[in-house]
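1. I would like to see how this sequence folds:
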Amino acid sequence: MAEYEFDVALSYAGEDQRLVLPVVELLKSSGVEVFHGKERETEMWGLDLVEYFSEAFSRRARYVLLFGSRNYVDKWSRLQRRTALGRALEQHTEYVLPIRIDDTEIPGLSPHVGYLDLRVHSAETIAEAVVQKLAQHRAEFTPTTPVTPKSVAALVREKPHGWEYLLYATVVAQGLADLQQKYREHFLRYSPRNGVVEHGNGIDLIRDRNVLLGEIIKVAVESVFTADTQEAAFGRPGEPGDADQIVHLGELFVRTFDEILEWARGIHGTSYAHEPARAAARVQARFADRQLEAMHAVARDLREVADTLVERLTAGERIDMTVPLVFEVEPALELEFKAALDRLSR
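-> Model prediction:
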């Protein structure tokens with residue numbers, strides 16, 4: 001982990017100083033090392049300011065707190081802004097922590113980046129968010145960190161706000177990333193041949209598969225995705241979670257996803273001597289579509305919010321970790337399947 005002289009550097013317009021200073025004082029009282037240009041005028045005296053700020057923002061500070069406003073865009077800090085955004089693009093991780101003063105868009109900063117807002121969040125909330133972000137950094141845990149006993153122990157030791165959710169999101173996102181090829185192949189309706197050959201009309205095999213899918217669903221509903229199971233992992237309100245159970249719960253999410261995929265791959269990988277049997281079976285395989293799509297969307301959404309999870313939770317936002325259970329079959333697909341079975345019975 002890179003060592004930095006300062007935890008955060010400040011970038012704001014001088015006209016907005018009265019709004020920024022309360023945050024600065026709270027950060028200092030919390031032990032945060034702050035690079036504040038206004039306090040370093042003697043150090044800057046006689047130096048090339050382009051080089052000075054480039055060095056400060058690029059190498060000396062872990063994060064930049066960017067207070068965005070019309071004053072900031074129109075009159076101020078163009079060098080600071082370019083330096084900070086340039087480093088953010090280069091290292092592909094969160095580095096600029098933007099705070100809105102008004103609704104002005106900051107050139108070069110993605111509109112999808114998570115913000116805090118001085119009109120909504122107090123100076124205390126913003127300072128606490130920075131403290132928690134630094135705790136996450138010290139744990140060296142991000143959504144791309146391999147989940148190992150060592151990395152989990154570091155995360156639990158630092159305990160940034162929402163560490164339980166960050167851990168869960170990471171386990172789920174990384175697990176589903178490993179299954180991405182199988183997921184894409186499912187919607188291509190492809191699977192390698194598995195050596196199973198069905199010579200008859202396939203009705204018994206179809207019935208068996210219905211029972212198997214029903215059992216996968218039943219176990220998920222009754223054992224994996226219950227309120228009690230999630231509370232045991234994440235803890236009751238105000239109580240810490242259990243890291244081992246969180247990892248296990250995330251792995252069960254991934255395992256359920258894979259089990260549904262494998263159920264459908266078994267259908268796509270079977271060879272059918274009777275074409276109507278093949279047609280009916282491939283309609284049946286589509287029963288998996290809606291749940292796979294819903295679970296995949298959960299993993300994607302978790303991954304997208306993970307980088308800003310600490311700030312969002314500190315700001316009081318509620319992150320919904322509920323797994324959607326979409327195990328019903330669309331009526332149109334049911335009718336298509338019934339028609340395919342009727343053709344088998346003729």
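2. And stretch 284-293, how far out from the chain middle?
-> 23 Å (C-alpha atoms, centre = their mean, to the nearest Å).
3. do the same with stretch 230-244
-> Worked out by C-alpha atoms, centre = their mean, stretch 230-244 lies 19 Å from the chain centre.
4. same deal with stretch 10-30?
-> With C-alpha atoms, centre = their mean, you get 30 Å for stretch 10-30.
5. Kindly report the same for stretch 197-208.
-> 41 Å.
6. what's in contact with it?
-> 270-274, 276-278, 280-281, 284, 341, 344-345 (C-beta atoms under 8 Å, 6 or more residues apart in numbering). Just so you know, the C-beta spots here come from the backbone N, C-alpha and C atoms, and that holds for glycine as well.
7. and if we set it to 10 Å?
-> Defining contact as C-beta atoms under 10 Å, 6 or more residues apart in numbering, one finds that stretch 197-208 is touched by 196, 209, 266-267, 270-274, 276-281, 283-284, 337, 340-341, 343-346.
8. In helices, which of those residues fall?
-> Judged by DSSP state H, helices contain the following of these: 209, 266-267, 276-281, 283-284, 337, 340-341, 343-345.
9. show me the contacts for the nearest residue to residue 61 once chain neighbours are set aside.
-> The shortest distance from residue 61 to any non-neighbouring residue, by C-beta to C-beta, 6 or more residues apart in numbering, is to residue 9 (3.7 Å). Shown in contact with residue 9 (C-beta under 10 Å, 6+ apart): 33-37, 53, 56-58, 60-66, 80, 83-84.
10. From the residues you listed, which land in strands?
-> Among these, the members falling in strands (DSSP state E) are 34-35, 61-66.
11. For residue 109, state which of those is nearest.
-> For these, the closest approach to residue 109 (C-beta to C-beta) belongs to residue 66, at 7.5 Å.
12. So what's the residue count around that closest one?
-> Residues within reach of residue 66, counting by other C-beta atoms under 10 Å, total 26.
13. Return the alpha-carbon coordinates of the helix or strand hosting residue 150 using PDB.
-> Assessed by DSSP states H and E, residue 150 sits inside helix 149-158. Output of helix 149-158 as PDB, limited to C-alpha atoms (Å, rounded to 0.1, in the frame of the first residue of the first chain):
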ATOM      1  CA  PRO A 149      -8.500 -14.900   5.600                       C
ATOM      2  CA  LYS A 150      -5.800 -12.100   5.700                       C
ATOM      3  CA  SER A 151      -7.800  -9.600   3.700                       C
ATOM      4  CA  VAL A 152     -11.000 -10.300   5.600                       C
ATOM      5  CA  ALA A 153      -9.100  -9.900   9.000                       C
ATOM      6  CA  ALA A 154      -7.800  -6.500   7.900                       C
ATOM      7  CA  LEU A 155     -11.300  -5.400   6.900                       C
ATOM      8  CA  VAL A 156     -12.800  -6.500  10.200                       C
ATOM      9  CA  ARG A 157      -9.900  -4.900  12.200                       C
ATOM     10  CA  GLU A 158     -10.600  -1.500  10.600                       C
END
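14. Okay, buried residues for that helix please.
-> 151-152, 155-156, 158 (16 or more other C-beta atoms under 10 Å).
15. from those residues, which single one is nearest residue 237?
-> Nearest member of these to residue 237, counting by C-beta to C-beta, is residue 156, at 18.9 Å.
16. give the contact list for that closest one.
-> 139, 141, 163-164, 167, 240-244, 246.
17. on that earlier part again, separate out the buried members of the contacts of residue 9.
-> Judged by 16+ other C-beta under 10 Å, buried ones among those: 33-37, 53, 56-58, 61-66, 80, 83-84.
18. Now do the contacts for the residue nearest to residue 343 when sequence neighbours are not counted.
-> The shortest distance from residue 343 to any non-neighbouring residue, by C-beta to C-beta, 6+ apart, is to residue 276 (4.9 Å). The contact partners of residue 276, by C-beta under 10 Å, 6+ apart, come to 201-202, 340-346.
19. now the spatially most central residue of the chain: how far from residue 66?
-> Of all residues in the chain, the one closest to the mean position by C-alpha atoms, centre = their mean is residue 303, 1.7 Å from it. Using C-beta to C-beta, to the nearest Å, one gets 24 Å for the distance from residue 303 to residue 66.
20. returning to what we had before: buried ones among the contacts of stretch 197-208?
-> For the contacts of stretch 197-208, buried by 16+ other C-beta under 10 Å: 209, 266-267, 270, 272, 276-281, 283-284, 337, 340-341, 344.
21. so who does residue 216 touch?
-> Residue 216 touches 256, 259-260, 262-263, 288, 291, 327, counting by C-beta under 10 Å, 6+ apart.
22. try 6 Å this time
-> Taking C-beta atoms under 6 Å, 6 or more residues apart in numbering, we find residue 216 in contact with residue 259.
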